[in-house]
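Chemist: Sequence plus predicted model, see below.
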Amino acid sequence: MLSITKIHSAGSAKGSGYTAYLDHLNDTHSFDEYARAHELGGPLPFWFGGGAVELGLSGICGAKEVGELAQGHHPTTGVPLVKGAGRSHVMGADLTFSCPKDVSVLFAGSDAKLQADIVRAMHGSVKEALGYAQSIAITRHGKGGAIKQLAKSVVSAVYTHFASRALD
């Protein structure tokens, strides 16, 4: 299943799960329950997309880099990448891919090899879907975003969630 949610700016009164990411940049170990899944044995978060390559991002996502991008800044230099960069910048969408409960049960009852195979299959399907999303992503330009254009590329920070909110 796929759920898509607009990511509100850090300064938005509407709030969003992503404002928590920005508010905890100084404490990368408590980045968020989703981001900390690797501490419980889950896979590390990783970068994906043509924009990640263009920005020189590869490997593990860090809280600081994600926070900089969320605010429209270059993830390593802090230089603004877009007009209106800062806490009021709206960065995009949260695409949450959810496996059926059967997959979770299979994963929980499997040995390490089968668990690794399940993770590889999940990541492969997520990468395929994100590749498609990148091919149809739209950017807005001009006054009030009236001009819409296909995006040249996108950046995705991919987090694999393996624990409940109670971290069990």
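Modeler: Nice, I can see it. No experiment lies behind these values; they were computed from the predicted model shown.
Chemist: Let me see the contact set for Val126.
Modeler: Phe97, Val158 (Cβ atoms under 8 Å, 6 or more residues apart in numbering). Bear in mind the C-beta positions are built from the backbone N, C-alpha and C, glycine included.
Chemist: Please report how far it lies from His74.
Modeler: Counting by Cβ to Cβ, to the nearest Å, the gap from Val126 to His74 is 25 Å.
Chemist: cool, His89 as well?
Modeler: 13 Å.
Chemist: Tell me which of these two has more neighbours.
Modeler: Neighbours per residue, other Cβ atoms under 10 Å: of His89 and His74, the larger number sits with His89, 21 against 15.
Chemist: So which residues of the protein form helices?
Modeler: 17-23, 50-54, 63-70, 101-108, 112-136 (DSSP state H).
Chemist: Give me the pLDDT for His74.
Modeler: If you check His74, the pLDDT there is 93.
Chemist: What of Val126?
Modeler: Val126 is given a pLDDT of 95.
Chemist: swap in the one 10 residues further on?
Modeler: The per-residue pLDDT reported for Ile136 equals 94.
Chemist: Kindly report the same for Ile147.
Modeler: The model's pLDDT for Ile147 equals 94.
Chemist: In stretch 112-119, which residues are buried?
Modeler: Gln115, Ile118 (16 or more other Cβ atoms under 10 Å).
Chemist: Sorry, wrong one. I was asking about stretch 45-59.
Modeler: Those would be Pro45, Phe46, Trp47, Phe48, Gly49, Gly50, Gly51, Ala52, Leu55, Leu57, for stretch 45-59 by 16+ other Cβ under 10 Å.
Chemist: I'd like to know how far the first one sits from Arg140.
Modeler: What it means is Pro45. Pro45 is 27 Å from Arg140, by Cβ to Cβ.
Chemist: remind me which residues of the chain are low pLDDT?
Modeler: 8-41, 162-168 (pLDDT under 70).
Chemist: and the nearest residue to Ile118 once chain neighbours are set aside, how many neighbours does it have?
Modeler: What sits nearest to Ile118 in space, not counting adjacent residues and going by Cβ to Cβ, 6 or more residues apart in numbering, is Phe107, at 5.1 Å. By other Cβ under 10 Å, the residues close to Phe107 number 16.
Chemist: Could you do Gly62 as well?
Modeler: Gly62, neighbours per other Cβ under 10 Å, totals 19.
Chemist: For the closest residue to Trp47 other than its chain neighbours, give me its contacts.
Modeler: Leaving aside its sequence neighbours, Trp47 sits nearest to Leu57 (Cβ to Cβ, 6+ apart; 4.3 Å). Neighbour list for Leu57: Trp47, Glu65, Pro75, Val155 [criterion: Cβ under 8 Å, 6+ apart].
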